[in-house]
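# A predicted structure for the sequence below; I have some questions about it.
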Amino acid sequence: MLAQAGVGTPVKGPGRFPGPFRFNGRVLELSLEKAFPGFRLSVALSVAEGETLALLGPSGSGKSTLLRLVAGLLKPDRGFVRFLGEDLTPLPPERRKVGFLFQDYALFPHLTVEENVAFGLVEARWPREAREGRVRELLKRMELTPLARKRPQELSGGEQQRVALARALAPRPRLLLLDEPLGALDLRLREELLFFLRRTLKEEGVTTLLVTHDQGEAFLLAHRVALLREGRLVQVGRPEEVYARPKDTWTARFLGHKNLLSPKESEALGLPPKAHLLPPKALALGGSLEGVVEERLFFGPRVGLWVRVGGVRLYLEAPEGPEEGAPLALRLDPAQAVPLEG
Ligand code: ADP
Ligand code: MG
């Protein structure tokens, strides 16, 4: 139900999705270093006004550390955080005018939903009328109005996360920091909240740094994706760009690509003898490559097919497909194969 509300609904406001995002200059600039025993983070980045940038990387790659440095919850060993040219580095978190949603920053248990959302507005001394208007607006947008008088412990996990998001957004922060905002939820709730989040970021137009280990989430929410591996950025670009042109094999695999060919496998399929990535559009049903379906995965709207062609296993998805063991002919478009480094 809720997921549906976010999809295909005409959106007021800046209209950031879909369509190209106009970059109005970089508002957030950072260059930060931080070392822990056995770990070193070293990252330079900038983010444009109204842009959502996803920091994407596996567990332990330094995403939360980077976000904490930007929030001021951690001190860097070296470097700076600037917003519109102002150096935030020496400022404590509460003076950075940044909204954040971290996994371990729970709601205030003794306050109601509306009091939680109003919290930052009271702190910032918003006049009563403006405060009430803003709280009402956010509760409505997050479909929390019927829950306004409840306390956090009376809510489901997904509802609590929506309240936390509303609380972070309420004072109109110039920068929003989200650390795995869908993290602890089960699959269904994740999907539901994903579309809430997408619509909210769109309508609020707030500059956002979002941390996630899930490439699908990053692709759906962000204008640009910054891939973090062991404390370093390996690639930054629009979701379509990084997906179509991952820098190396590690990146391709992390982004969810399945057809990663060794030089030998490439050669067996008539490609030059070096590592290649076959993106989904490189493979189609029907053609001169003769194979056998080894695995057929039924996902509902589509099936995933692992097909053995000679010594190579190839994966493709289609609306339907034959049973395991059946022969299947494939077409490979060599022009779509992407050569990979290492
Ligand atoms: P991610 O959010 O990408 O999963 P983190 O930023 O939490 O990664 O952690 C990156 C690395 O830094 C990990 O190896 C983690 O153990 C280490 N680390 C994080 N915080 C601390 C800390 N306060 N003290 C020591 N090591 C830490
Ligand atoms: Mg983390």
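Arrived safely, thanks for sending. Ligands and ions are numbered 1, 2, ... in the order given.
# list the contacts for the closest residue to residue 156 other than its chain neighbours?
Setting aside the residues directly before and after it, residue 156 is nearest to residue 189 in space (Cβ to Cβ, 6 or more residues apart in numbering), at 7.7 Å. Every residue, glycine included, has its C-beta placed from N, CA and C. By Cβ atoms under 8 Å, 6 or more residues apart in numbering, the residues touching residue 189 are 156-158, 182.
# give me the low-pLDDT residue ranges for the stretch 201-342 of the chain?
Residues of the stretch 201-342 of the chain meeting the criterion pLDDT under 70: 342.
# For it, which segments count as strands?
Assigned by DSSP state E, counting those that start in this stretch, the strands in the stretch 201-342 of the chain fall at 207-212, 224-229, 232-237, 260-261, 276-277, 283-298, 303-309, 312-318, 327-332, 338-339.
# show me the contacts for the residue lying closest to residue 336 once chain neighbours are set aside.
Nearest non-adjacent residue to residue 336, counting by Cβ to Cβ, 6+ apart: residue 282, 3.6 Å away. Residues in contact with residue 282 (Cβ under 8 Å, 6+ apart) are 259, 332-333, 336-337.
# and these as JSON lines, adding distance to residue 294 and neighbour count?
Shown next, in JSON lines, are the contacts of residue 282 (distance: Cβ to Cβ, whole Å; neighbours: other Cβ atoms under 10 Å):
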{"residue": "259", "distance to residue 294": "14", "neighbour count": "21"}
{"residue": "332", "distance to residue 294": "17", "neighbour count": "20"}
{"residue": "333", "distance to residue 294": "22", "neighbour count": "13"}
{"residue": "336", "distance to residue 294": "23", "neighbour count": "16"}
{"residue": "337", "distance to residue 294": "21", "neighbour count": "21"}
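# Around ligand 1, pick out the residues from the stretch 101-250 of the chain.
Residues of the stretch 101-250 of the chain lying close to ligand 1 (Cβ under 6 Å from any ligand atom): none.
# For residue 76, which non-adjacent residue is closest in space?
In space, residue 76 is closest to residue 32, 4.7 Å off (Cβ to Cβ, 6+ apart).
# Could you tell me the angle between the helix or strand where that neighbour lies and strand 207-212?
Secondary structure assignment for residue 32, by DSSP states H and E: strand 26-36. Angle between the axes of strand 26-36 and strand 207-212 is 40 degrees (criterion: axes from the mean of the first three to the mean of the last three Cα atoms, to 10 degrees).
# If you count contacts, what does strand 26-36 end up packed against?
Under the contact criterion of 3 or more Cβ pairs under 8 Å, 6 or more residues apart in numbering; DSSP states H and E, strand 26-36 touches strand 39-48, helix 63-71, strand 78-83, strand 207-212.
# Run through the residues that contact residue 263.
Applying Cβ under 8 Å, 6+ apart, the residues near residue 263 are 273-275.
# before we move on, the earlier item: and the strand holding residue 32, which residues are buried?
26-30, 32, 34 (16 or more other Cβ atoms under 10 Å).
# Then stretch 250-265?
In stretch 250-265, counting by 16+ other Cβ under 10 Å, buried: 250-252, 254-255, 257-261, 265.
# Quick one: end-to-end length of that stretch, please.
End-to-end distance of stretch 250-265 (Cα to Cα, to the nearest Å): 18 Å.
# Quick one: distance of it to the chain centre.
21 Å (Cα atoms, centre = their mean, to the nearest Å).
# could you check the distance from the closest residue to residue 274 other than its chain neighbours over to residue 336?
Spatial nearest neighbour of residue 274, excluding adjacent residues (Cβ to Cβ, 6+ apart): residue 263 at 5.0 Å. For residue 263, the distance to residue 336 (Cβ to Cβ, to the nearest Å) stands at 18 Å.
# got a list of what the most centrally placed residue in the chain touches?
Closest to where the C-alpha atoms of the chain average out (Cα atoms, centre = their mean) is residue 218, at 2.1 Å. Contacts for residue 218 (Cβ under 8 Å, 6+ apart) come out as 54, 56, 210, 212, 225, 239.
# still on that earlier bit, just give me how far the strand holding residue 32 sits from the chain centre.
The answer for strand 26-36 is 19 Å, by Cα atoms, centre = their mean.
# just use 172 as the starting number from now, easier for me
Yep, numbering from 172; the last one is strand 197-207 now.
# which of the helices and strands packed on strand 197-207 is buried the deepest?
strand 378-383 (a mean of 25; mean count of other Cβ atoms under 10 Å).
# Could you list the residues in contact with that strand?
By Cβ under 8 Å, 6+ apart, strand 378-383 touches 198-199, 218-227, 234-235, 237-238, 241, 345-353, 372, 389, 392-393.
# How is the protein partitioned into domains?
197-422, 428-510 (the TED database).
# Which pLDDT value belongs to residue 253?
At residue 253, the model reports a pLDDT of 96.
# ok now do the nearest residue to it once chain neighbours are set aside, which residues does it touch?
Using Cβ to Cβ, 6+ apart and skipping residues adjacent in sequence, the residue nearest residue 253 is residue 200, 4.6 Å away. Listed by Cβ under 8 Å, 6+ apart, the contact set of residue 200 reads 216-217, 251-253.
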